[in-house]
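K.L.:
Need coordinates for the below:
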Amino acid sequence: MTLVRAIACCHTTEFSHSTLESHMPSDKPSKPSATALRWRRVLLKISGEALMGDRPFGHDAAAIDRVAQEVRNVIQLGAEVALVVGGGNIFRGMSEAASGIDRSTADHMGMLATVINALALQDGLARNGIAARAMSGIAMPSVCETFTRRDAMRHLQDGCVVVFAGGTGNPYFTTDTAAALRAAEMNCDVLLKGTQVDGVYSADPKKDASALRYDRLSFTEVLARDLRVMDATAVSLCRENKIPILVYSNQDTGMLATVLTGGGTYTLIDG
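P.N.:
This next block holds a predicted model:
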């Protein structure tokens, strides 16, 4: 992480860019070229399970480092990256204890799980030399920043990875919907969903050997066929805001950079 990126990411709203520039070294490096990227500003949605490795629940440092290294690869290509992470690695581990709890209360418990994951990701990104800011849709200023579009946009423009937590801040909405909402608010070029398979299939390929993989789908096809790539609200939000959804496998090292430069195997949902 360069000094420039560290300073820019950590400035407060009271500092102007001219003030920052006066503290920067005169030989600051130029920003990496983004010409190789098919999409430049991206939002990556990952599941909480992606952070637990082989553990039954919780966090695995090696799994978090792997996510951080994938993100670092695309930053070096010139991408601006935002993340939304689920909470399944924590909340599903306590789901038995949560059974019978009111839906709104249970959803708030799930949102708190995503804050825990966002903090773990923020730490893992920093450990790998990547400036990052966790921002929550639920105000908890002693833990992390409260989400505002203005501040989040500034962090992205300054080279930080922004990790969105707390869902939309409201119950009854999934983290998929939160990802679609934040992608629209941040004017992202694409919403990426990393999964255990290399795209969207007609059925679960792990259970049905005859399942067909789609290279490309329209938003309407996804909804009409009930393919469950993301929930219907998230798909509709992306359709309304013309944000393509790219579904790829996050099991292969370097695949995030590969798909962002137009290679690899994935399913693209647009149109």
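K.L.:
Look up how far Val42 lies from the closest residue to Leu44 other than its chain neighbours.
P.N.:
Leaving aside its chain neighbours, Leu44 sits nearest to Leu192 (4.8 Å; criterion: C-beta to C-beta, 6 or more residues apart in numbering). Placement of C-beta: from N, CA and C, glycine included. Using C-beta to C-beta, to the nearest Å, Leu192 is found at 6 Å from Val42.
K.L.:
which neighbours do these two share?
P.N.:
Listed as contacting both Leu192 and Val42 by C-beta atoms under 8 Å, 6 or more residues apart in numbering are Leu260.
K.L.:
can you give me the strands in the chain?
P.N.:
41-46, 80-85, 132-136, 145-146, 161-165, 190-195, 200-201, 213-214, 216-217, 245-249, 266-269 (DSSP state E).
K.L.:
Please identify the deepest-packed of those strands.
P.N.:
Most buried of those by mean neighbour count (mean count of other C-beta atoms under 10 Å) is strand 161-165; its value is a mean of 29.
K.L.:
Which other helices and strands does the helix ranked longest in the chain contact?
P.N.:
Scanning the chain for the longest helix, with DSSP state H as the assignment, gives helix 103-127. Packing partners of helix 103-127 (3 or more C-beta pairs under 8 Å, 6 or more residues apart in numbering; DSSP states H and E): helix 61-75, strand 80-85, helix 88-91, strand 132-136, strand 161-165.
K.L.:
between that helix and helix 61-75, how big is the angle?
P.N.:
Between helix 103-127 and helix 61-75, the angle comes out at 70 degrees (axes from the mean of the first three to the mean of the last three C-alpha atoms, to 10 degrees).
K.L.:
and helix 103-127 with strand 161-165, angle?
P.N.:
Relative orientation of helix 103-127 versus strand 161-165 (the same axes, to 10 degrees): 160 degrees.
K.L.:
do you know how far Thr175 is from Asp231?
P.N.:
The value you get for Thr175 to Asp231, if C-beta to C-beta is used, is 9 Å.
K.L.:
Show me which of the two is the more surrounded one.
P.N.:
Thr175 (29 against 15; other C-beta atoms under 10 Å).
K.L.:
Hmm, the more buried one is touching Gly87, no?
P.N.:
Yes. Counting by C-beta atoms under 8 Å, Gly87 is a contact partner of Thr175 at 7.2 Å.
K.L.:
Pull up the overlap in contacts between those two.
P.N.:
What both Thr175 and Gly87 touch, as defined by C-beta under 8 Å, 6+ apart, is the set Thr114.
K.L.:
Which one of the helices and strands packed on helix 103-127 lies nearest to Leu223?
P.N.:
For Leu223, the closest of the helices and strands packed on helix 103-127 is strand 80-85, at 20.8 Å, according to C-beta to C-beta.
K.L.:
The closest one pairs with which strands?
P.N.:
Strand pairing for strand 80-85, determined by DSSP bridges: strand 41-46 (parallel), strand 161-165 (parallel).
K.L.:
now the angle from it to strand 132-136?
P.N.:
Using the same axes, to 10 degrees: strand 80-85 against strand 132-136 is 50 degrees.
K.L.:
and strand 80-85, how far from the chain's centre?
P.N.:
Between the centre of strand 80-85 and the centre of its chain there are 3 Å (C-alpha atoms, centre = their mean, to the nearest Å).
K.L.:
now do stretch 236-244
P.N.:
Per C-alpha atoms, centre = their mean, the centroid offset for stretch 236-244 relative to its chain is 16 Å.
K.L.:
Now do it: everything it contacts.
P.N.:
If you take C-beta under 8 Å, 6+ apart as the criterion, stretch 236-244 is touched by 177, 180-181, 183-184, 188-191, 219-220, 223, 245, 268-270.
K.L.:
what's the farthest-apart pair in those residues?
P.N.:
Farthest apart among the contacts of stretch 236-244 by C-beta to C-beta are Asp189 and Leu223. That separation is 22.0 Å.
K.L.:
Could you report the neighbour count for Lys207?
P.N.:
Lys207 sits with 7 neighbouring residues when counted by other C-beta under 10 Å.
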